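**Student:** Pasting the sequence and the predicted model now:
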Amino acid sequence: MAQFGSKILILAFLMKVMLLCLSDRAQASSFDCCLQYIEHPINSKFIKGYAEQRSYEACDIDAIIFYTRKHVVCANPKETWVKNVLRILSSRLKKMSKKSLF
């Protein structure tokens, strides 16, 4: 009878460990991080929006995440072409906000 009780305790412990592992995976997959950068520039006319990834938050590298109709692309924020695209997107946003005011 004592062996049966110890087997239940071991089984309960293993189930608890398994549940903890699954919950950690669910939290980690709630967002994705850029792990590398695209190697070639993207034309700003294909970009629908962007987001910034900061290395000090949850991910390993700083990145600009560009959203196109079909893809999500990670770019190096230090690259000249990325800075130019951000400038274009910013001016595009300003034009849109001015139009909505009038």
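**Tutor:** Cool, got the structure.
**Student:** Which other helices and strands does the host helix or strand of Arg87 contact?
**Tutor:** Per DSSP states H and E, Arg87 falls inside helix 80-101. Secondary-structure packing of helix 80-101 (3 or more CB pairs under 8 Å, 6 or more residues apart in numbering; DSSP states H and E): strand 47-53, strand 63-68, strand 72-75. Quick note: C-beta positions are derived from backbone N, CA and C, even for glycine.
**Student:** buried stuff in the second one?
**Tutor:** Neighbour-count burial for strand 63-68, counted by 16 or more other CB atoms under 10 Å, picks out Ala63, Ile64, Ile65, Phe66.
**Student:** now swap in the first one and tell me
**Tutor:** Within strand 47-53, the residues that qualify as buried by neighbour count (16+ other CB under 10 Å) are Ile47, Tyr50, Gln53.
**Student:** Name the spans of this protein whose pLDDT lies under the cut-off.
**Tutor:** Low-confidence segments of the chain, defined by pLDDT under 70, are located at 1-31, 99-102.
**Student:** Let me see the domain layout of it.
**Tutor:** Listed domain ranges for the chain are 1-30, 33-101 (source: automatic domain parsing).
**Student:** check contacts around Pro41.
**Tutor:** By CB atoms under 8 Å, 6 or more residues apart in numbering, the contact set of Pro41 is Glu79, Trp81, Val85.
**Student:** how would you label it: helix, strand or coil?
**Tutor:** Under DSSP: H, G, I helix; E, B strand; the rest coil, the three-state class of Pro41 is coil.
**Student:** Roughly how far does it sit from Gly49?
**Tutor:** The gap separating Pro41 from Gly49 is 17 Å, by CB to CB, to the nearest Å.
**Student:** Val82 and Ala75 touch, don't they?
**Tutor:** Yes. The pair Val82 / Ala75 is scored as a contact, 4.7 Å apart, by CB atoms under 8 Å.
**Student:** No further questions, thank you.
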